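Chemist: any chance you could fold what I've pasted below:
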Amino acid sequence: MSFKTFKITRLENGYEEISYSDEVFFKKFVTTDEWWELENLPGTHDYFDLKVFMNQLKVYSEEHNNPPVVDFSIGVRSMKLQNPPHIQTHEDTRGLVHLDGVITMLGKIDWYNRIHIHSPSFVYSAKLICKTRKSKAKYNRRKTNIPRGMRHEVFKRDNYTCVECGARKDDGATLHVDHKVPVSKGGTDELDNLQTLCSDCNLNKSDVIQ
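Modeler: All right, here's what the predicted structure looks like:
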């Protein structure tokens, strides 16, 4: 299974859209007769695992301080295709929703499918509109565009712990993905050049090569 991630589109007035659509799933299974003959998702299909999707949302939420979600619609299915899909939408909630709340709801869907249907889950469509509160000036200061999924891989590899001082996310530390060799000195966004630092160590490092 290849690495999958969602698309992030910057909108006006500090909003961002998170989107994903499994076009192969729709074209090959949903719109053909083959769909009705299948009990389980074929192992050859390159699907977007719900747990991976949730982990990427968690990284995005951490980077944007659990942003408000003004609208969302997420379609989730069990690998056992004949079970009804879960369609989680903003209409299912009351009042203001934040991204961590959406992730919690998805976690309940994953738990239900695993416990009651005995099947993992996958995402076949998603669209979320988040209020990121980022100004244009902040965007201009970005040196690189490390994919959210790559950030998650760095945090996971380093056990959500600062490699310099040992500060952990579970202890309340704010963690950043840092370049060992700074971009200004020719460093790349490859995984081997990335590391986890807490906010204090990251600020103290500046452009020093590790």
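
Chemist: so the most centrally placed residue in the chain, which state does it fall into?
Modeler: Note on the chain: the residue nearest the mean C-alpha position is Gln56, at 1.9 Å, using C-alpha atoms, centre = their mean. The three-state label given to Gln56 by DSSP: H, G, I helix; E, B strand; the rest coil is helix.

Chemist: can you get me a residue count around Gly166?
Modeler: Close neighbours of Gly166, defined as other C-beta atoms under 10 Å, add up to 11. Where you see a C-beta, it was placed from the backbone N, CA and C, and this is true even at glycine.

Chemist: start at 644, not 1
Modeler: Noted, 644 is the first residue going forward, which turns the last one into Gly809.

Chemist: re earlier: which residues are in contact with the residue nearest to the centre of the chain?
Modeler: Residues in contact with Gln699 (C-beta atoms under 8 Å, 6 or more residues apart in numbering) are Thr648, Phe649, Arg791, Gly792, His795.

Chemist: please parse this protein into its domains.
Modeler: 650-779, 786-848 (automatic domain parsing).

Chemist: restricted to helices, list the contacts of Gln699.
Modeler: Those of the contacts of Gln699 mapping onto helices are Arg791, Gly792, His795, per DSSP state H.

Chemist: tabulate these in CSV, adding columns for neighbour count, distance to Asp735 and pLDDT.
Modeler: Shown next, in CSV, are the ones in helices among the contacts of Gln699 (neighbours: other C-beta atoms under 10 Å; distance: C-beta to C-beta, whole Å; pLDDT from 0 to 100):
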residue, neighbour count, distance to Asp735, pLDDT
Arg791, 20, 25, 76
Gly792, 17, 27, 81
His795, 20, 26, 86
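
Chemist: list just the nearest of those to Pro727.
Modeler: Each of those was scored against Pro727 by C-beta to C-beta, and Gly792 proved nearest at 28.9 Å.

Chemist: could you measure from the closest residue to that closest one other than its chain neighbours over to His819?
Modeler: What sits nearest to Gly792 in space, not counting adjacent residues and going by C-beta to C-beta, 6 or more residues apart in numbering, is Thr648, at 4.0 Å. Distance, Thr648 to His819, using C-beta to C-beta, to the nearest Å: 19 Å.
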